[in-house]
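> Next comes the sequence, and after it the predicted model I'd like to discuss.
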Amino acid sequence: MVLTYGTHGPALAPSQFLILNLILVAACFTLLCQPWMSKKKDILVLVSITLAAAASRILLEPFPNVQPVTLMCLIVGASLGARRGMAFAIITTLLSNIVLSHGWWTLFQATGWAAVAFAGSRLSLIVNNKLAMRRLVIASIVTSVLFDWWVSLSIYTTGMTLQEFGIYILNGLPFDVVHALASVVSAFWIAPWLANLISEDRAISESKHIVGEADVITS
Amino acid sequence: MIRVLLSVGLLICLFVPQHSIADHDSSSEQIYWEVDLNNGFISTKPMIIDGSVIVRTSDFWSGDDRPKVYSFDLQTGNENWRFTNNYSRNHDVSPLSFATSSSGDCGSWGDMVLVGWTDGKVTALDFDSGELIWQSQTEVLDYGITGKMVIDQDQLVVPTNKGLSKFCLADGSETLRVDLPQKGWRNGITLTDSGYLLGNEEGILNQVSKDGIVTSQEIGEGKIRHAPLVTTAGVLIHLQMQSSSGIYVDGELVSTEGSSPAIPLQVGNKVYLGTNTEVLLLNCEQSCNVTGRTDYQTSGEIVRQYIPERVDRVWFSHNSQDGGWSYGTPGQNLTLYETKHNTFKTAGPGFSEDGSIAFGNDNGILMVFVGQISDTEKSSQANDDYSIDFDFGLLLILLLIISTFYFQINTKENTVVKAGLLVLLVIAVVALPDVSTKWSQEVSKLETPTGDWDESWPDEWQDTQVLVIELPNETLVVGGYSDYNTVEELTEIASVDLGLIVEYETTDIGVWITSIGGYTGSGWEFTIDGTRSNVGISLAEIDEDSVVRWSLA
C-alpha cells in the first residue's frame, strides 16, 4: 500500500503545521490542567510512561504495526482517568512522530489513541485494583482495529471514492491483525506491570497524604 | 525472571540483522568490504581485473547527479578513481568491457575500460588512472547504447540505439556504421566468424557482415534483449513476449516459458536461461532441449565463475526484495548465497581468478569478498516459494515453542499463554510481507476496472497500452505501446518518449517513483484503467489495452 498510494494525505504548509501543533499542544495543556496535578510524583510517573511509550514506538518501528502504545493508552486511561490518558496519547504521538515523521496523519493518530485512552477510562478495565484481563484483551483487539481504520481516514481526504477506501481498508486487514495480536501480547506482558506501577505509585502518594493529616491531628 | 529472559531473547533475535555478513567472515579468513555509492543502481556486473574492482552506476538522472564509473582497490576498498558522464541521463545498462594492451592495424593501445552510455557516447578510460583516452559519439534516438559491446581484434563493436558501429581501439575513430530500421534495447552483439548478430525491440534478428551488409530474420512478436547465442544447433534467441517468453533456435520455437527473460549464458553446448519464474538448462548439440529447470526468479545477468580445476559455477541474481544470488545447475536445487544487502538486483557478480567476488545491487551498494569464498556459507533451497528466510526468526520461534512445552509440562499456564502469544506474534510479523502481498493480489480481484479511455485519443491507440501523466499545468498522453508487463516497464519507456525525467527510489520494500518531470509534490499515484492498484509499480501488471494514469497525490 505504501508503494501504491505513497502518501498519508495532504502535505501541510508550515503555517498548517503550526496550527496542527498548536491544537494538539493546547489540547494536552487543557487536559492536564484539570484536575490539578499537584503531586510531583504523579507528574513524574506520567512523564516517564509517556517517554517510554514514545521510545517503544520508535524502537518497534521496523516491525509493521506492532504498537504497544494502544494497550498503554487503555491502561493509562483506566488508571489515571480520561483526561490524563488522552494527554498521554497526544504527547506520545507528538514526541514519537518527531522521529518517525510528522504530518497530517499525526492528527489522526493522536486523536485515535486519545479515543482509545478515553475508552480505557470508561470500560472498567481495572476493578478493585485488579486488571479485568478478559475485558482488556477484547478491548485491545477492538480498539487496535478501530484505531487503524481511523488513521486510514487520513488518506481519504485525497479524493478517493468510498469503494476505493473500502478496498484500502480491506488491504490493510493483515496489518490490523498484527496490531491486534501485538496488543494482546502487550496485554499479557506489559499491562499487569504497568497497572501495578501506576497503582503502587498512587497508593504510596495517598498513604503519605494520610500520614501527614494524622500528624496534624496528633499535634 | 522467565519473562525477562524471553523478552531479552525476543529483542536480541529481532534486532540482529537478518542476513549477517559476519557469518561469512567468521567461517573463513576472507576480507570483506562494501561501499554505498549513493549513485543510483548497479545494473551490470562489476569487473575484477588486476587488483581493481570496476563498477558503473545507472539511473534516470536529474539534478546534479550523473552516472559514474568507479575503480576500487580490491584489497582495501579504497577508491582509485571515478569517471562521470555529465550528459548521460537514462539507465546505463551496457556492461563494461575491458581491453588489454595490444596493437592492430589501426594502432596500439594500453589497458582500457570501455564504456557505452545512453547519451550515445563510447568512452575509453585508462585502466590505472581513469583518464579519458578517447571518446566517440553514436547516433541517439532514445536511449543510446544499452547492450553488450564486443572486441573484434583491433575494433570495438558497439550496439547502438538503432544499429551498430565499429571503432578503432587505438584512437576511437569510427570504421563502420550500420543503421537498422528498428530500435534496440540491451541488444548485445555476438561476434561470429562472418560478422555480427544483434536483435531489437521488434523481434528481428540482424546479421551484419564485417563490411556492413545486413540480412534480417523475423523471430517472432517480441523483443530481443540479449546478445544472440550461436550454438551447434543454431542461433538461440530468448524472445521477450507479453506475459511469457519464447526460446527460438534458428527461428523455430523450441519452448514457451515465463515472462521477463534474463540475459542467457552459453557454456559450450549448454545454455543457461532464466525468467521471473524459473531457471532453465538447455543442451544444444544436435537440437536444443530443456534438460533441467528449477523454480526461481531472475531477470538480469547470468554469469559463470570459472577457475580451472577449482570452481565452475553458474550464478543467477534473485531479483526480489529479499533475494541474494544463487549458483547451481537448473534441474537441481540452487544454493543461495546471501549478502548483507539482499534487495532487488539484476547485476551478476564479478569474479577474479583468486576467487574474489564483487556483488552490486539496485541500492547502489557494492559488496566485495576478497579471496576464495567458503563452501560452508549459509545456503537454502532456492525453489521454496514460501521459504522463510528469517533464520533468526525461525530460531526464536523454535525456542519459544520449546519454552511453551516446558512451561506446559511444569503447569505454568500463565507463562504458556504468554510464550504462545509471543510465538504467534513473531510468526505473524515474519509472514506479514508475503501474506500482505498475496492478500493484496486477491483483494485487487474484487475491483472492477472503470475504464479510462478518452474518446479524443487517436483510434490507433485502441487496444494498445497508453500512459497518461497529469503534470500540474498540463496532461501528457502517449499511446500505441504493447508487450509491456508492468506499470514500471511502461512508465520507464513511455516517459522517455515524452521527454520526461522520472526519478525512482528503490527501497527494501520495492521501487517507487519520487518525481516526474521534476515534480515531486506529496508523491505520485497511479491508476490502471481508472482503478488504483493494490501493489507497487514493479508488481502491478497491465494488459495489452491498459491505460496507466499518473497524478500527483
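On my side now, so go ahead. Numbers count the residues shown, from 1 in each chain, chains lettered A, B, ... in the order given.

> switch to C-alpha atoms for all contacts and neighbour counts from now on
Noted.

> Could you report the pLDDT at B:Thr231?
Listed pLDDT for B:Thr231 reads 94.

> Next up, the contacts around it.
B:268-269, B:284-285 (C-alpha atoms under 8 Å, 6 or more residues apart in numbering or on different chains).

> Phi and psi next, for it.
Backbone dihedrals for B:Thr231, given as degrees, to the nearest 10, come out at phi -110, psi 170.

> what do you get for B:Val502?
With angles defined as degrees, to the nearest 10, B:Val502 sits at phi -110, psi 130.

> Touching, it and B:Ile493? I think so.
No - contact criterion C-alpha atoms under 8 Å: B:Val502 and B:Ile493 do not qualify, at 10.3 Å.

> who's more crowded, those two?
Between B:Val502 and B:Ile493, B:Val502 has the larger neighbour count (other C-alpha atoms under 10 Å in any protein chain shown), namely 21 against 15.

> ok, what's across the strand from the closest residue to that one other than its chain neighbours?
Nearest in space to B:Val502, with sequence neighbours left out and distances taken as C-alpha to C-alpha, 6 or more residues apart in numbering or on different chains, is B:Ile516 at 4.5 Å. Assessed by DSSP bridges, B:Ile516 has beta-bridge partners B:Val502, B:Tyr519.

> neighbours of B:Ile516, just the number please.
Using other C-alpha under 10 Å, B:Ile516 has 22 other residues around it.

> do B:Ile224 as well
Neighbourhood size, B:Ile224 [other C-alpha under 10 Å]: 29.

> Could I get the contacting residues of it?
Residues in contact with B:Ile224 (C-alpha under 8 Å, 6+ apart) are B:187, B:199-205, B:237-240.

> can you give me the mean pLDDT across stretch B:491-503?
80.

> can you list the weak-confidence ranges in chain A?
For chain A, the stretches flagged by pLDDT under 70 are A:1-13, A:34-39, A:157-159, A:201-219.

> show me where it has helices.
Using DSSP state H, the helices of chain A run over A:2-5, A:14-33, A:40-59, A:69-80, A:82-100, A:104-122, A:133-156, A:162-171, A:173-189, A:191-218.

> The stretch 151-300 of chain B now?
For the stretch 151-300 of chain B, applying DSSP state H, counting those that start in this stretch gives no helices.

> circling back: just the buried members of the contacts of B:Ile224?
B:187, B:199-205, B:237-240 (16 or more other C-alpha atoms under 10 Å in any protein chain shown).

> and which of those is nearest chain A?
Checking the buried ones among the contacts of B:Ile224 against chain A by C-alpha to the nearest C-alpha gives B:Gln240 as the nearest, at 26.3 Å.

> beta partners of that closest one?
B:Lys223, B:Ser245.

> Low-confidence regions, the stretch 1-150 of chain B specifically.
Within the stretch 1-150 of chain B, the segments meeting pLDDT under 70 span B:1-30, B:62-63.

> So which residues of the stretch 351-500 of chain B form strands?
B:357-360, B:365-370, B:465-470, B:475-481 (DSSP state E, counting those that start in this stretch).

> Remind me what the first one packs against, helices and strands.
Which is strand B:357-360. Strand B:357-360 sits against strand B:47-49, strand B:350-351, strand B:365-370, with contacts defined as 3 or more C-alpha pairs under 8 Å, 6 or more residues apart in numbering or on different chains; DSSP states H and E.
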